[in-house]
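Engineer: Return a 3D structure for these sequence lines:
(2 chains)
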Amino acid sequence: QVQLVQSGAEAKVPGASVKFSCKASGYALTSYFMHWVRQGPGQGLEWMGAVYPAGETSYAQKFQGRVTMTRDTSTTTVYMELRSLTSEDTAVYFCAREGPGSGSSYAFDYWGQGALVTVSP
Amino acid sequence: QSALTQPASVSGSPGQSITISCTGTISYVRGYNRVSWYQQHPGKAPILLIYDLTKRPSGVSDRFSGSKSGNTASLTISGLQAADEADYYCISFTGSSTPYFFGGGTHLTVL
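Structural biologist: Residues are numbered from 1 along each chain as shown, chains lettered A, B, ... in the order given. The predicted model follows:
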């Protein structure tokens, strides 16, 4: 069965970086888009970017220059690094597979459990 | 400010039906059928309920249905149950440099 298992919560100071992992299993990582979505405290969801099946990336304009998404096909793990953190980045970060079909499906059918980053001095 | 507008809250009694709207401020919804709906309980990851406006993934109850009129997509939940009390989000593919926009979310209260 498809599973996305994320790394744990992090506490960071302003200006630091955070790097989350998302271990995928139960399907072919290189056949699907993997997205990252975040949710601030008591707030809605926000799309951050994606890793394409062929390995390219696309980032929301808001995060351009501050985010890097990568993947390791040997360990079927996708990573998201966010730099120059501020308190506004305090949020739960989710990885989400685009599905239900492979390629472009325009929906997110499986989600990781989420990982909280808390940014404070 | 979200490009997709949802009501902040809706409510209904067990057994009733409710509809949650998702209106695109630009032609995101009108021009595409790539709208999906998600249910999120507190502290949990979202769950996909509807994709491509009207399609249900395997395993999702047929009490959940999607539709569209003009630039407004809608999620209808019939036969409300206590377990349906949650937040609901719409997402639209935009085809732009930021390809996905989320609605602000709607909290459903089952009275």
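
Engineer: Please report how far A:Tyr110 lies from chain B.
Structural biologist: 8 Å (CB to the nearest CB, to the nearest Å). Placement of C-beta: from N, CA and C, glycine included.

Engineer: Just give the nearest non-adjacent residue to that residue, would you?
Structural biologist: Leaving aside its chain neighbours, A:Tyr110 sits nearest to A:Arg97 (4.4 Å; criterion: CB to CB, 6 or more residues apart in numbering or on different chains).

Engineer: what are the bridge partners for that neighbour, then?
Structural biologist: Under DSSP bridges, the beta-bridge partners of A:Arg97 are A:Met34, A:Tyr110.

Engineer: hang on, it packs against A:Ala28?
Structural biologist: No: contact criterion CB atoms under 8 Å: A:Arg97 and A:Ala28 do not qualify, at 10.9 Å.

Engineer: re earlier: residues in contact with the residue nearest to A:Tyr110?
Structural biologist: A:2, A:4, A:24, A:27, A:32-35, A:108-111 (CB atoms under 8 Å, 6 or more residues apart in numbering or on different chains).

Engineer: Doesn't B:Pro57 lie inside a strand?
Structural biologist: No: read with DSSP: H, G, I helix; E, B strand; the rest coil, B:Pro57 is coil and lies in no strand.

Engineer: one step back: which one of the contacts of A:Arg97 sits closest to chain B?
Structural biologist: Chain B lies nearest to A:Trp111 out of these, by CB to the nearest CB, at 3.8 Å.

Engineer: what's around the closest one, how many residues?
Structural biologist: Burial of A:Trp111 is recorded as 22 neighbouring residues (other CB atoms under 10 Å in any protein chain shown).

Engineer: same check, this time on A:Gly26
Structural biologist: A:Gly26, neighbours per other CB under 10 Å, totals 10.

Engineer: out of everything not next to it in sequence, what's closest to it?
Structural biologist: That would be A:Val2: by CB to CB, 6+ apart, it lies 4.1 Å from A:Gly26.

Engineer: mind pulling up the phi and psi values for the one you found?
Structural biologist: Geometry field for A:Val2 lists phi and psi as phi -70, psi 130, criterion degrees, to the nearest 10.

Engineer: what kind of secondary structure is A:Glu88 in?
Structural biologist: Classified using three-state DSSP, A:Glu88 is helix.

Engineer: Which residues are in contact with the residue of chain B positioned farthest from its centre?
Structural biologist: Distance from the C-alpha centroid of chain B, by CA atoms, centre = their mean, peaks at B:Ser97 (22.8 Å). Neighbouring residues of B:Ser97 by CB under 8 Å, 6+ apart: A:Gln61.

Engineer: Please pull out the lowest mean pLDDT helix or strand from chain B.
Structural biologist: helix B:28-31 (a mean of 56; mean pLDDT, DSSP states H and E).

Engineer: Next secondary structure after it?
Structural biologist: Using DSSP states H and E, the next helix or strand after helix B:28-31 towards the C-terminus is strand B:35-40.

Engineer: Now look at that following strand and say if it contacts chain A.
Structural biologist: Yes: judged by CB under 8 Å from any CB of the partner chain, strand B:35-40 and chain A are in contact via B:36, B:38.

Engineer: Report pLDDT for residue 15.
Structural biologist: As the question left the chain open, I've gone with chain A. A:Gly15 carries a pLDDT value of 97.

Engineer: wrong chain, I was asking about chain B
Structural biologist: You'll see B:Gly15 listed with a pLDDT of 97.
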